[in-house]
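Participant: Would you be able to build a 3D model of this:
(2 chains)
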Amino acid sequence: MKVHVDPERCQGHTLCAMIAPDLFTLDDVDGHSSAIDGEVPAGLEARADEAIRSCPEQAISIIP
Amino acid sequence: MSTEPVTEDDAERKKNRYHFDRHTPEYRQQFADVTAEMLDKCPVAWSDTYGGHWVAAGHSEVFELARSAEYVSNDHDPANERRGYKGISIPSPDVGFRGGFLEMDPPEQRYYRQLLNPYLSPAAVARWTPLVDELVRASLNEKIESGQIDFVDDLANIVPAVLTLGMLGIPLKNWDIYVEPIHASVYTPPNSPDMPRLQASRLAMRDDMLGQLAEIRANGRPGLIHALATAEINGTVPPDFELLGIISLLIGGGFDTTTALTAHALEWLSENPDQRARLSAERDTLLNPATEEFLRYFTPAPGDGRTISADCEIAGQQFKEGERLWLSWAMSNRDPEVFPSPNEVDLARTGNRHHSFGLGIHRCIGSNVARMVFKRMVTAVLDRMPDYQCDPAGAEHYQTIGIIQGMKHLPATFTPGPRVGDGLDDTIARMQVVVDEQRLAEPVTVRKGAADIE
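Facilitator: Sure thing, here's the model as predicted:
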């Protein structure tokens, strides 16, 4: 599975990167998040799920 | 103020009614009960207070409304050049200018955000962490040998203020010109005998702000003010009164909110010493979720006003153009649909999608500053005053939580400890040299590294 951040919805709350710094990266200039490319490594699925549940803008989704 | 006759359509639209007055002491005292009742019966209700306005309390309702910028306006238009909207305060203060980009709509609002984001992004804010640690250390030094501290006056009022001035490009030592008028403006009622003194301190602050704006325009000292002073917004140079509104927004947002969060968290940790010990021991994993939980539970900025800008139906409720709306971040943060046991503090809470920094395009631009400063202050207290006990008799909360849920004073005692390094005035002077020589207040696009402090 992969995670995806909808750039139209993300407003830079940064919770996803706090929860799962290996899965999300924040833009230096505006702090908006994007998913680090590639498959979610084994063992980090729960972190991905917690990031999705914690996003105030509901901007994160799973790509199977 | 609406004087239109009540039509049948209106009566139907406004059938969910709740007398909501967040500016009364009763609202603060009964917050949990009012919140539970509104969430249960009327997550969106019409209130007859302040000329009549909608109140959104439910989490999903606030979520939908706050993210509907095409129907929900932040505009404040005191000169009636557009539609005369009243901005984010209910009731609207009788002032002739708007409160920065928080009282603007896109695209204008977006130009300012894009201008200032490179000073306030996580990467930009991280550069200031070593400087904040110095300010925290020095503030605690002033009290550490005495065994007594007021966490508001002696720590949480000082560090956010000095840091905010640094980011703006204002000399750090001027913090005491700014801190009192900002702090006292929030809790002083209009009829207070202290009002003349407060007005005088506000004027002194405004004079300093105007002086700084002129000086920075002339000498190019970096910082948020420099970005504003040299900005062209959509091809035009904004007038000074507009820039003052923005600088005031950044100062108002940067000072008392973080103070309020820190004071409430330290008070709660004093009342729950087992949780304090746990937070200190497990800070590597617990500090981030605990910070979000304190933000959720205490919601320092409890809400924002809006104006409906077009007839619409959102979250199952019909709204008409021109109607006023209060988005309650504080009440939506207690919605049991999203937060199990919402009236309990759970330092390890998961799925904590609270609304304390707002939502949508107006998300608090200083959220990264607030989190960083809060964490550095709290962990330093845990390290140097681990057994502190707040004095409930001396703790003074704001009487009302209509604007900020804050505290005036939070005295505490603790086992005295040794000073580490220099005191506050010397530290502020040293930090000014760091800010100037390392051009720390440049945007992150120009200067990337963290402050280098010997």
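
Participant: Who are the contact partners of residue 53?
Facilitator: All of this is about chain A. Residues near residue A:53 by C-beta atoms under 8 Å, 6 or more residues apart in numbering or on different chains: B:350, B:351, B:353. Yep, even glycine has a C-beta here, placed from its N, CA and C like the rest.

Participant: nope, chain B please
Facilitator: B:46, B:47, B:90, B:305, B:323, B:324, B:325, B:326.

Participant: which non-adjacent residue is nearest the fifth one?
Facilitator: Read that as residue B:323. residue B:308 (4.6 Å; C-beta to C-beta, 6 or more residues apart in numbering or on different chains).

Participant: what does the third one give?
Facilitator: When the adjacent residues along the chain are set aside, residue B:90 lies closest to residue B:305, with 4.3 Å between them (C-beta to C-beta, 6+ apart).

Participant: Out of the contacts of residue B:53, which two sit at the greatest distance?
Facilitator: Taking C-beta to C-beta, the two most distant members of these are B:46 and B:305; they sit 14.7 Å apart.

Participant: Tell me the confidence at the residue nearest to residue B:90?
Facilitator: On pLDDT, residue B:305 comes in at 97.

Participant: for residue B:363, same thing?
Facilitator: 97.

Participant: contacting residues for the nearest residue to it once chain neighbours are set aside?
Facilitator: Nearest residue to residue B:363, sequence neighbours excluded (C-beta to C-beta, 6+ apart): residue A:11, at 4.2 Å. Shown in contact with residue A:11 (C-beta under 8 Å, 6+ apart): A:32, A:56, A:57, A:59, B:359, B:360, B:361, B:363.

Participant: pLDDT wise, what is residue A:11 at?
Facilitator: At residue A:11, pLDDT is 98.

Participant: Within the helices and strands, which one has it?
Facilitator: Residue A:11 is part of no helix or strand when elements are defined by DSSP states H and E.

Participant: How about residue B:27?
Facilitator: Counting by DSSP H and E, residue B:27 is part of helix B:25-29.

Participant: Pull out the buried residues from that helix.
Facilitator: B:27, B:28 (16 or more other C-beta atoms under 10 Å in any protein chain shown).

Participant: After that helix, which helix or strand is next? Please name it.
Facilitator: In N-to-C order, the element after helix B:25-29 by DSSP H and E is helix B:31-41.

Participant: what does that next one contact?
Facilitator: With C-beta under 8 Å, 6+ apart as the test, helix B:31-41 has contacts from B:16, B:18, B:20, B:27, B:45, B:55, B:57-58, B:330-331, B:334-336, B:343, B:401.

Participant: Show me where chain B has its strands.
Facilitator: Ranges of strands within chain B are B:44-47, B:53-56, B:72-73, B:148-150, B:303-308, B:312-314, B:317-319, B:324-328, B:389-390, B:396-397, B:407-409, B:411-413, based on DSSP state E.

Participant: List just the one of these that sits closest to residue B:275.
Facilitator: When the strands of chain B are compared by C-beta to C-beta, strand B:389-390 sits nearest residue B:275, at 14.0 Å.

Participant: Check the burial of the closest residue to residue B:336 other than its chain neighbours by counting its neighbours.
Facilitator: Spatial nearest neighbour of residue B:336, excluding adjacent residues (C-beta to C-beta, 6+ apart): residue B:342 at 5.2 Å. Counted with other C-beta atoms under 10 Å in any protein chain shown, the neighbours of residue B:342 add up to 20.

Participant: try residue B:377
Facilitator: 29.

Participant: Tell me the spacing between it and chain A.
Facilitator: 18 Å (C-beta to the nearest C-beta, to the nearest Å).

Participant: Just the pLDDT for whichever residue of the stretch 151-300 of chain B sits closest to chain A.
Facilitator: Per C-beta to the nearest C-beta, residue B:288 is where the stretch 151-300 of chain B lies closest to chain A, at 4.9 Å. We have a pLDDT of 98 for residue B:288.

Participant: give the contact list for it.
Facilitator: Contacts here follow C-beta under 8 Å, 6+ apart; on that basis residue B:288 touches A:18, A:19.

Participant: For the most far-flung residue of chain A relative to its centre, report the pLDDT, please.
Facilitator: Using C-alpha atoms, centre = their mean, the residue of chain A lying farthest from its centre is residue A:29. It sits 17.3 Å away. On the pLDDT scale, residue A:29 is placed at 97.

Participant: Next up, the contacts around it.
Facilitator: With C-beta under 8 Å, 6+ apart, residue A:29 has these contacts: B:117, B:118, B:121, B:123, B:444, B:445.

Participant: any chance of the residues you listed in a markdown table, with pLDDT and neighbour count too?
Facilitator: Compiled in a markdown table, the contacts of residue A:29 are given as follows (pLDDT from 0 to 100; neighbours: other C-beta atoms under 10 Å in any protein chain shown):
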| residue | pLDDT | neighbour count |
| --- | --- | --- |
| B:117 | 98 | 21 |
| B:118 | 98 | 19 |
| B:121 | 98 | 24 |
| B:123 | 98 | 17 |
| B:444 | 98 | 21 |
| B:445 | 97 | 14 |
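
Participant: Within reach of chain A, which of the residues you listed are there?
Facilitator: Among these, the residues lying close to chain A (C-beta under 8 Å from any C-beta of the partner chain) are B:117, B:118, B:121, B:123, B:444, B:445.

Participant: which of the residues you listed lies closest to residue B:438?
Facilitator: residue B:444 (13.4 Å).

Participant: Mark which of the contacts of helix B:31-41 are buried, thanks.
Facilitator: The buried subset of the contacts of helix B:31-41 - by 16+ other C-beta under 10 Å - is B:18, B:20, B:27, B:45, B:55, B:57, B:58, B:330, B:331, B:334, B:335, B:401.

Participant: Could you report the distance from the spatially closest residue to the last one that is not a sequence neighbour to residue B:406?
Facilitator: In this case it means residue B:401. Of all residues not flanking residue B:401 in the chain, residue B:28 sits nearest, at 4.8 Å (C-beta to C-beta, 6+ apart). Computed with C-beta to C-beta, to the nearest Å, the distance linking residue B:28 and residue B:406 is 11 Å.

Participant: Need the overlap of contacts for those two.
Facilitator: Contacts common to residue B:28 and residue B:406, judged by C-beta under 8 Å, 6+ apart, are B:397, B:398.

Participant: Same list (the strands of chain B) but as CSV, adding distance to residue B:182.
Facilitator: Below are the strands of chain B laid out as CSV (distance: least, C-beta to C-beta, whole Å):
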stretch, distance to residue B:182
strand B:44-47, 29
strand B:53-56, 26
strand B:72-73, 27
strand B:148-150, 17
strand B:303-308, 18
strand B:312-314, 34
strand B:317-319, 34
strand B:324-328, 23
strand B:389-390, 23
strand B:396-397, 17
strand B:407-409, 13
strand B:411-413, 21
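
Participant: Point out the one among these that comes closest to residue B:175.
Facilitator: Among the strands of chain B, strand B:148-150 sits nearest to residue B:175 (C-beta to C-beta), with 16.6 Å.
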